[in-house]
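Student: below is the sequence, then the predicted model.
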Amino acid sequence: MADFQCIVCDVSFSLPQEVLDRYPGWTPRYCRQHSPKKTKSDASKPSKRTASKRRGGARRSGSAREENLKIEEVFERYTEGPQDGIFTDGSCSPNPGPGGWGVAWLRKGELIHQAHGSDDDTTNNRMELKALIEALQMVETDQPVTVYTDSQLCANTINQWAVGWAARGWKRKSGPIKNLELVQQLYALKQNLPLVEIQWIAAHSGYLGNELADSLATAWMRTTV
């Protein structure tokens with residue numbers, strides 16, 4: 001099945017070839033969740049998370065929106081999630097527009113290394129990829145470590161699709177590979193780090209490492225990290 005990217009949430013999705021054959025020249029732009037064809041009744045139904053909240057159900061301490069916290073504020077507010085590993089994140093506001101990337105390395109809940117940077121003209125996906133590249137460049141060849149990203153697109157790209165694209169000369173049936181130079185750089189780094197695992201982690205779910213990476217990725221918006 002061909003893979004595409006939702007223009008609303010950036011999540012990658014697939015459609016069977018027989019569906020695409022019905023509409024020659026059509027490039028799907030929306031995942032099922034954000035399809036304009038969803039009925040109003042479906043859109044008006046509360047999500048499980050919202051329904052739980054209305055019933056007084058428990059939810060994590062994380063927020064579903066950007067908080068733009070400083071590092072010290074993150075430590076004051078969050079403690080949950082994996083306590084070891086490298087956490088990465090990217091930001092862009094507006095998208096495309098100025099953005100930043102952040103990397104936070106935790107060991108037993110302590111921040112042992114951090115890095116961040118920015119770009120005046122970029123996209124959210126480019127900053128997510130840049131953060132992963134910077135993270136892998138910190139790791140020694142024989143060092144086992146889990147690298148966490150809250151971008152499902154980036155995790156799927158490096159864990160599932162890149163090997164096939166590389167075998168086909170960095171081409172795919174559904175069209176050009178976006179941000180190809182960054183994907184190739186990340187793939188090359190990962191090939192030389194057999195003990196590194198790249199894993200998706202939910203964004204803004206109250207996990208300390210993810211919130212630290214988010215703080216660093218949005219540091220370009222603040223005067224204090």
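Tutor: That came in fine, so what should we check first?
Student: and the residue nearest the centre of the chain, how far from residue 121?
Tutor: With distances taken as C-alpha atoms, centre = their mean, the residue of the chain nearest its centroid is residue 151 (1.6 Å). Per C-beta to C-beta, to the nearest Å, residue 151 is found 20 Å from residue 121. C-betas here are computed from N, CA, C, even on glycine.
Student: buried stuff in the longest strand anywhere in the chain?
Tutor: Counting by DSSP state E, the longest strand found in the chain is strand 110-122. Neighbour-count burial for strand 110-122, counted by 16 or more other C-beta atoms under 10 Å, picks out 111, 114-119, 122.
Student: which one of the residues you listed is nearest residue 96?
Tutor: Using C-beta to C-beta, residue 122 is the member of the buried residues of strand 110-122 that sits closest to residue 96, with 6.5 Å.
Student: just put the buried residues of strand 110-122 in JSON lines and tack on distance to residue 102.
Tutor: Shown next, in JSON lines, are the buried residues of strand 110-122 (distance: C-beta to C-beta, whole Å):
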{"residue": "111", "distance to residue 102": "12"}
{"residue": "114", "distance to residue 102": "8"}
{"residue": "115", "distance to residue 102": "7"}
{"residue": "116", "distance to residue 102": "4"}
{"residue": "117", "distance to residue 102": "8"}
{"residue": "118", "distance to residue 102": "10"}
{"residue": "119", "distance to residue 102": "13"}
{"residue": "122", "distance to residue 102": "14"}
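Student: quick one: which two of those are the most distant?
Tutor: 111 and 122 (25.0 Å).
Student: returning to what we had before: how about the longest strand of the chain as PDB, C-alpha atoms only?
Tutor: Taking Å, rounded to 0.1, in the frame of the first residue of the first chain, the C-alpha atoms of strand 110-122 are listed here in PDB:
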ATOM      1  CA  GLU A 110      18.700  13.400  35.800                       C
ATOM      2  CA  LEU A 111      19.400  15.600  32.700                       C
ATOM      3  CA  ILE A 112      23.000  14.700  31.800                       C
ATOM      4  CA  HIS A 113      23.200  16.300  28.400                       C
ATOM      5  CA  GLN A 114      21.000  18.800  26.400                       C
ATOM      6  CA  ALA A 115      21.200  20.500  23.100                       C
ATOM      7  CA  HIS A 116      18.900  22.800  21.100                       C
ATOM      8  CA  GLY A 117      19.000  24.900  18.000                       C
ATOM      9  CA  SER A 118      16.700  26.900  15.600                       C
ATOM     10  CA  ASP A 119      16.100  27.800  12.000                       C
ATOM     11  CA  ASP A 120      14.500  30.900  10.700                       C
ATOM     12  CA  ASP A 121      12.700  29.200   7.900                       C
ATOM     13  CA  THR A 122      11.800  25.500   8.400                       C
END
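Student: all good on my end, thank you.
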